[in-house]
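Colleague: Take this sequence and fold it.
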Amino acid sequence: MSTTQSERLRELLEPLVTSQGLDLEEIAVDSVGRKRVLRVVVDSDTGADLDQIADVSRALSAKLDESDAMGAGEYTLEVGTPGAERLLKEHRHYVRAVDRLVKFQLAEGGELVARILEVDDDGLDLEVPGVKGRKATARRLAFSEVDRARVQVEFSRKDKNEEEA
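Modeller: Coordinates of the predicted model:
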């Protein structure tokens, strides 16, 4: 997808997504054989439920039908939310990942897996899990020290209420 088309699509679709109380996270046009797929990823601080996704999908579809942003060929519109192991790119992504386990690729090299406790304008307060029976440790990480960050899926984490009981 050309930058021009991406920018046009973002300009066209972002106001509609925002009016639904959501953030437009990503737009991608992929070719699948002869068909094209327009993937739109939306999210909010509280997440997006299926009704919100359906509403925004209908609004985007109607807007795309009345414009020529996708050209004359057929395409499929897919609207969804970021996956469970989302890549954190924007400040708001880090805020939404508070209390989640994240794998950081550090700018200086190496990686760190830690839980985000707090986020401010300069960086992150983290809890680094203890290894082999050791206690967890606190660490401060500036945004400038982060090359990439991705949320990790946790299958066996206890709920906070279970831990306090």
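
Colleague: tell me the mean pLDDT over stretch 129-139?
Modeller: On average, the pLDDT along stretch 129-139 is 87.

Colleague: got it, and stretch 147-155?
Modeller: Here the average pLDDT along stretch 147-155 is 90.

Colleague: And the helices in this structure?
Modeller: Counting by DSSP state H, one finds helices in the chain at the ranges 3-19, 50-65, 91-96, 160-164.

Colleague: Which stretch among those helices is buried most, on average?
Modeller: Compared across these, helix 91-96 shows the largest average neighbour count, a mean of 17 (mean count of other Cβ atoms under 10 Å). Every C-beta, even on glycine, is put in place using the N, C-alpha and C of the backbone.

Colleague: And that one, what does it pack against?
Modeller: Helices and strands touching helix 91-96, as assessed by 3 or more Cβ pairs under 8 Å, 6 or more residues apart in numbering; DSSP states H and E, comprise strand 111-119.

Colleague: sorry, back to before: closest one to E78 among the helices of the chain?
Modeller: Ranking the helices of the chain by proximity to E78 (Cβ to Cβ) places helix 50-65 first, at 8.5 Å.

Colleague: on that earlier part again, and A142, which of the helices of the chain is closest to it?
Modeller: The closest of the helices of the chain to A142 is helix 91-96. By Cβ to Cβ, the value is 12.0 Å.
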